[in-house]
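Enquirer: sequence first, then the predicted structure, then my questions.
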Amino acid sequence: TGDATGSIYQMAKIDGCGLKKMPDLPFSFTQGTCGTYQWTTDTKKVVLCFDAITSIPVSSPRNCHTWDGENFETITGSKQYHIQIRFGTYKGNPIAIGDGYAGHNKVEIMNINTEDGTHTWSDAASWPFRFSYSQYSIISEADRVITFGGHCHYQAPFELDEVTEYKNDEWTLLGRLNRS
């Protein structure tokens with residue numbers, strides 16, 4: 001997807017060992033996050049959220065978009081800003097942790113009803129290790145997500161070394177990354 005250098009509408013797909021340009025996105029998408037999720041029992045969709053350009057003005061809606069491989073649809077976004085983060089997958093649903101713009105540690109999960117494709121956002125336990133959290137790496141397993149490192153706006157150290165786990169709806173500090 002696009003970046004902050006003016007190509008905020010471009011889209012490409014991996015084709016063999018290269019990229020193939022696709023038609024432009026019908027919306028801007030820079031510094032956002034996306035992932036593929038089971039939308040209904042027989043349909044997967046790409047979920048794209050948290051475009052920095054359209055999400056930052058306080059009065060703007062925090063819309064997300066889905067793409068089924070042919071068509072885009074605008075859907076309801078989260079209650080919180082979640083700029084400069086990456087989606088994880090928690091129990092099959094997108095999980096958004098923290099924010100790199102307003103700087104917070106709030107967590108929201110998009111609960112997808114695969115019976116009819118509807119969705120709602122729900123609050124989850126905040127990431128408890130700093131006041132804000134963004135720019136981390138994340139891996140997802142069936143029943144948990146694990147985050148590595150990241151950035152904190154308000155509390156030194158700003159570059160983080162925590163390795164944390166969200167499982168059974170609670171956070172655990174697993175350890176720390178080695179620093180050289």
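Expert: Yes, it's here. Numbering: from 1, shown residues only.
Enquirer: all contacts plus neighbour counts: C-alpha atoms, from now on.
Expert: Fine.
Enquirer: for residue 140, give the beta-bridge partners.
Expert: Here residue 140 sits in beta bridges with residue 145, as judged by DSSP bridges.
Enquirer: measure it to residue 154 for me?
Expert: Remark: distance between residue 140 and residue 154 (Cα to Cα, to the nearest Å) = 27 Å.
Enquirer: check residue 178 too.
Expert: Per Cα to Cα, residue 178 is found 22 Å from residue 154.
Enquirer: same thing with residue 9?
Expert: From residue 9 to residue 154 the distance is 32 Å (Cα to Cα).
Enquirer: got a list of what residue 34 touches?
Expert: 46-49, 86-87 (Cα atoms under 8 Å, 6 or more residues apart in numbering).
Enquirer: so which of residue 9 and residue 154 has more stuff around it?
Expert: When neighbours are counted by other Cα atoms under 10 Å, residue 9 comes out ahead of the other of residue 9 and residue 154, with 16 against 13.
Enquirer: and the closest residue to the more buried one other than its chain neighbours, what is it in contact with?
Expert: The shortest distance from residue 9 to any residue that is not its chain neighbour, by Cα to Cα, 6 or more residues apart in numbering, is 4.8 Å, and that residue is residue 25. Going by Cα under 8 Å, 6+ apart, residue 25 touches 9-11.
Enquirer: which of those residues sits closest to residue 19?
Expert: The nearest member of the contacts of residue 25 to residue 19, counting by Cα to Cα, is residue 11 at 9.6 Å.
Enquirer: I'd say that closest one and residue 23 touch.
Expert: Yes. With contact defined as Cα atoms under 8 Å, residue 11 counts as touching residue 23 (6.6 Å).
Enquirer: out of those two, which sits in the busier spot?
Expert: The neighbour count for residue 11 versus residue 23, taken as other Cα under 10 Å, is higher for residue 11 (16 against 9).
Enquirer: let me know the pLDDT of that one.
Expert: We note a pLDDT of 85 for residue 11 in this prediction.
Enquirer: how far away is it from residue 72?
Expert: From residue 11 over to residue 72 (counting by Cα to Cα), the distance is 13 Å.
Enquirer: tell me the secondary structure at residue 53.
Expert: When classified by DSSP: H, G, I helix; E, B strand; the rest coil, residue 53 comes out as helix.
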